[in-house]
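Q: Sharing a sequence plus its predicted fold:
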Amino acid sequence: MLELGKSGSHGTPKGTVPVLEGEAVVATLHASNWKEAATAVIGDRTWVFGKRGRELTARWEAEPDDAVRLRARQTSLWKGTWQLELDGATVEMTSSSWWQGTHRYTTGGRTVAESGTTGGWSPRPTLTADDDLPLATRVFLLWIELVVTRRNNAVVVGATSAAVIGGSS
């Protein structure tokens with residue numbers, strides 16, 4: 001299982017999040033607070049995760065800006081479904097629990113990964129995936145979980161603020 005550690009922990013600099021497998025750091029993620037973008041260091045390669053149009057994409061840092069190795073596109077806002085192109089395979093992301101905000105990743109009727117959270121006051125995304133899924137792909141899925149969580153939290157905060165403002169007049 002992979003999980004996002006706390007920013008600046010496990011020997012990473014402030015603003016950098018360790019990606020943990022057990023207690024071992026297998027990658028690092030430096031995610032932007034203001035836009036849907038991140039830089040991930042996985043082994044000896046740096047990846048650039050970002051938003052291009054309506055898609056979330058991943059490419060090697062050394063590649064041109066328009067290169068895409070992995071991609072994800074939301075197919076239904078209401079159902080929360082996504083379609084991903086991962087290592088040549090089409091994968092569908094669906095909600096496995098609305099209450100917990102977790103997802104299931106399937107291809108050809110087979111589950112290849114499932115997300116979860118660490119629990120507690122500041123839950124962080126986790127990902128349990130097939131061993132044959134490359135580490136870079138699993139880190140990309142973990143970043144997608146972070147993006148989706150941030151989007152959902154922004155909607156909740158916006159709705160709460162609107163209710164407070166609307167109720168105080």
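A: Noted; the coordinates are in hand. Only a predicted model underlies this, so the values are computations on that prediction, with no experimental measurement involved.
Q: what pLDDT does T118 get?
A: Among the per-residue scores, T118 holds a pLDDT of 88.
Q: now it: how far from S95?
A: To S95, T118 is 19 Å away according to Cβ to Cβ, to the nearest Å. The way it works is simple: take the backbone N, C-alpha and C, and place the C-beta from them, glycine included.
Q: neighbour count winner among these two?
A: Neighbour count, other Cβ atoms under 10 Å: between T118 and S95, S95 has more, with 17 against 13.
Q: Look at the residue lying closest to that one once chain neighbours are set aside and say how many residues are nearby.
A: Nearest residue to S95, sequence neighbours excluded (Cβ to Cβ, 6 or more residues apart in numbering): G80, at 4.7 Å. Per other Cβ under 10 Å, the neighbour tally for G80 reads 17.
Q: May I have the residues that are in contact with G80?
A: Going by Cβ atoms under 8 Å, 6 or more residues apart in numbering, G80 touches 74, 94-95, 98, 103, 148.
Q: Just the buried subset of those, please.
A: 74, 95, 103, 148 (16 or more other Cβ atoms under 10 Å).
Q: With distance to V68 and pLDDT added, can I get those residues in a markdown table?
A: Below are these laid out as a markdown table (distance: Cβ to Cβ, whole Å; pLDDT from 0 to 100):
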| residue | distance to V68 | pLDDT |
| --- | --- | --- |
| Q74 | 16 | 95 |
| S95 | 25 | 86 |
| H103 | 21 | 93 |
| V148 | 19 | 90 |
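Q: closest to E61 among the residues you listed?
A: Nearest to E61 out of the buried ones among the contacts of G80 is V148 (Cβ to Cβ; 23.7 Å).
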